[in-house]
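Engineer: Fold the following for me, if possible:
(4 chains)
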Number of protein chains: 2
Amino acid sequence: MKRIAESTVRRLSLYLRFLEDFEERGLATISSDELAARGGTTSAQVRKDLSFFGSFGKRGLGYAVPELASRLRDILGLGREWHVIIIGAGKIGSALAQYRGFTQRGFHVVGVYDSDPAKIGKRIDGFSVRDLATLERDVAREDVDIAVLTVPAEAAQQVVTRVVKAGIGAVMNFAPVQLHVPEHIALKNVNMAMELEGLSFALANRTGLDE
Amino acid sequence: MKRIAESTVRRLSLYLRFLEDFEERGLATISSDELAARGGTTSAQVRKDLSFFGSFGKRGLGYAVPELASRLRDILGLGREWHVIIIGAGKIGSALAQYRGFTQRGFHVVGVYDSDPAKIGKRIDGFSVRDLATLERDVAREDVDIAVLTVPAEAAQQVVTRVVKAGIGAVMNFAPVQLHVPEHIALKNVNMAMELEGLSFALANRTGLDE
DNA sequence: ACATGTGAACTGCTTCACAGCG
DNA sequence: CGCTGTGAAGCAGTTCACATGT
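Structural biologist: Predicted coordinates:
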């Protein structure tokens, strides 16, 4: 398959969200124009994004809402349930473990880990916090797809190395450090400080940077 | 001033983090090559990024660490303290209000808001949760720079409209919706679900998308 | 007539390669 | 000589514009 730009994938996520909204409201078809307006992009962009994966529309008409939604779910790999572990049972980790939007979209948290003895064994939203030392053993038999890292910056690289070695192929990193992982591992960074500094830059330079 | 790419600003944030690390360890100079290796980019990229703002290096030598760090702080607008309000005192909002990294980098939380009577008046890490109804009045006299939105998706657009009208120029949106704001407002979206779907896509298509 | 699907043109970010200077 | 600073080249993502299908 051709390489798909990250920006394209983000937009597909967005389109899917709109389509699900339309689906609920019982709308049958939607045009690239309407999707674009809602997502703050252009109709050409919408059509181009979809065209990488096939021809889902009807000329002169638009797209069948439920069908396109279904195709997007397939493309995004949302047809199945993904198993997620959260490493780091601090404030953010705990908030994420309880986050509804996770489960709603097929991301099932199967474990929460920490290395702090004071936290191990504690209950968080139904999960008993596990000892990070058991990571490798657990992963070997539990089939984990995604690891969410909410550990301190100092520990993050070491933890991600273990995670990768354990065979997990996707990582979402909340620690404010740049992680180095092998080419074939999918890595996403969520870096609060960096986002804030982006806003700070915009304010200091009076530049809009609307997304 | 010339328009600066968002990707450039992100990297500047990153460079600054490395420089502060080097600063602590007492290193005097650093080359674009070393910065690049650490940040997963190229030396040419580093030099190009910096060149938009001036010539900070010494040929044959590299960059003076404390000086470059200081210049970057200026560029990123980190020389001053920014006043932040958090709107939405749910799980994420509360976690953010208590987040150390905020204050550490000059982002000072001056208020937490909610519209739920059950939450108003409650204490979160030293803040008494305020009634969202008082937003406009408070902002008028408190000089708020940045609003962080951790409200439900349905409320987000309405809230951001009020925030903008109240005169706040920068918004960080955690709600999983696309917000529409005037051109001159700086807006950043942090969308967990979308990030996860990016990972899901990568897993489903066995594509790396390392950042 | 209307809206999709897509090569072609365009824009802008990244990489190259080298002149310039310590 | 080493490393910066930067025009020029290369490349990737976006936008244009129109042929195509209903």
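
Engineer: I'd guess A:Glu103 is in a strand, am I close?
Structural biologist: Actually, residue A:103 is Thr. It isn't Glu. No. A:Thr103 is assigned helix when assessed by DSSP: H, G, I helix; E, B strand; the rest coil, not a strand.

Engineer: So which elements touch the top strand by length along chain A?
Structural biologist: Determined from DSSP state E, the single longest strand within chain A is strand A:107-114. The elements that strand A:107-114 packs onto, with contact taken as 3 or more Cβ pairs under 8 Å, 6 or more residues apart in numbering or on different chains; DSSP states H and E, are strand A:82-87, helix A:91-97, helix A:100-104, strand A:127-128, strand A:130-131, helix A:135-142. Where C-beta positions appear, they are placed from N, C-alpha and C, glycine not excepted.

Engineer: Can you tell me which of the ones you listed is most buried?
Structural biologist: When these are scored by mean count of other Cβ atoms under 10 Å in any protein chain shown, the highest mean neighbour count falls to strand A:82-87 (a mean of 24).

Engineer: Tell me if that one is near chain B.
Structural biologist: Yes. In this structure, strand A:82-87 sits against chain B according to Cβ under 8 Å from any Cβ of the partner chain; the contacting residues are A:Trp82.

Engineer: who does that strand pair up with?
Structural biologist: Here strand A:82-87 has these sheet partners by DSSP bridges: strand A:107-114 (parallel), strand A:146-149 (parallel).

Engineer: Let's have the helices and strands packed on strand A:107-114 in JSON lines, adding distance to A:Gln178 and mean pLDDT.
Structural biologist: Listed next are the helices and strands packed on strand A:107-114 as JSON lines, based on distance: least, Cβ to Cβ, whole Å; pLDDT from 0 to 100:
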{"stretch": "strand A:82-87", "distance to A:Gln178": "18", "mean pLDDT": "97"}
{"stretch": "helix A:91-97", "distance to A:Gln178": "18", "mean pLDDT": "91"}
{"stretch": "helix A:100-104", "distance to A:Gln178": "25", "mean pLDDT": "82"}
{"stretch": "strand A:127-128", "distance to A:Gln178": "29", "mean pLDDT": "93"}
{"stretch": "strand A:130-131", "distance to A:Gln178": "27", "mean pLDDT": "98"}
{"stretch": "helix A:135-142", "distance to A:Gln178": "22", "mean pLDDT": "96"}
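
Engineer: Dump those into a markdown table; add distance to A:Leu50 as well.
Structural biologist: As requested, those are arranged in a markdown table below (distance: least, Cβ to Cβ, whole Å):
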| stretch | distance to A:Leu50 |
| --- | --- |
| strand A:82-87 | 23 |
| helix A:91-97 | 31 |
| helix A:100-104 | 24 |
| strand A:127-128 | 38 |
| strand A:130-131 | 42 |
| helix A:135-142 | 36 |
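
Engineer: Could you point out which of the ones you listed sits nearest B:Glu183?
Structural biologist: Nearest to B:Glu183 among those is helix A:100-104; the distance by Cβ to Cβ comes to 29.5 Å.

Engineer: Show me what the closest one is packed against.
Structural biologist: If you count contacts as 3+ Cβ pairs under 8 Å, 6+ apart, helix A:100-104 packs onto strand A:107-114, helix B:192-205.
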